[in-house]
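A.B. asks: quick check, what structure comes out for this input:
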Amino acid sequence: DIIVRGRGVFKVRPVADPGDGVSVEPFGFPAPIQRVTIRFQPAKPGRVRKELRLETDLPGQPAVTVTVEAVGE
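C.D. replies: Sure, this is the predicted structure:
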């Protein structure tokens, strides 16, 4: 899980399908602290490295890029 904290109430926007068995599940409703769950269901063996761009619904706020790494067996 990744915690995103803001100065007001906001939502993390859904992330487009990152592929390679990685999924991103943002928190379901607006709050000043958001939990984003990242899951990995490997489609094939090997290492996966993805950069995920997390954006909020707050106008003018920069996105956060998070790098995730996982190994599928």
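A.B. asks: hey, let's count contacts and neighbours off CA atoms from now on
C.D. replies: Noted.
A.B. asks: what helix or strand does the residue nearest the centre of the chain sit in?
C.D. replies: In the chain, the C-alpha nearest the mean C-alpha coordinate belongs to residue 24, at 4.7 Å (CA atoms, centre = their mean). Assessed by DSSP states H and E, residue 24 sits inside strand 22-25.
A.B. asks: helices and strands around that strand, which ones?
C.D. replies: In terms of contacts (3 or more CA pairs under 8 Å, 6 or more residues apart in numbering; DSSP states H and E), strand 22-25 is packed against strand 31-40.
A.B. asks: next structured bit after the strand it packs on?
C.D. replies: Counting by DSSP H and E, the next helix or strand C-terminal to strand 31-40 is strand 46-54.
A.B. asks: that next one pairs with which strands, parallel or anti?
C.D. replies: Using DSSP bridges, strand 46-54 pairs in its sheet with strand 64-72 (antiparallel).
A.B. asks: average pLDDT for the partner strand?
C.D. replies: Here strand 64-72 scores 87 as its mean pLDDT.
A.B. asks: check which residues of it are buried.
C.D. replies: residue 70 (16 or more other CA atoms under 10 Å).
A.B. asks: again with stretch 25-35
C.D. replies: For stretch 25-35, a neighbour-count test (16+ other CA under 10 Å) marks 26-27, 31, 33-35 as buried.
A.B. asks: again with stretch 47-67
C.D. replies: By 16+ other CA under 10 Å, the buried positions in stretch 47-67 come out as 48, 52, 54-56.
A.B. asks: who are the contact partners of the residue nearest to the centre of the chain?
C.D. replies: Contact analysis of residue 24 by CA atoms under 8 Å, 6 or more residues apart in numbering lists 14-15, 17, 36-39.
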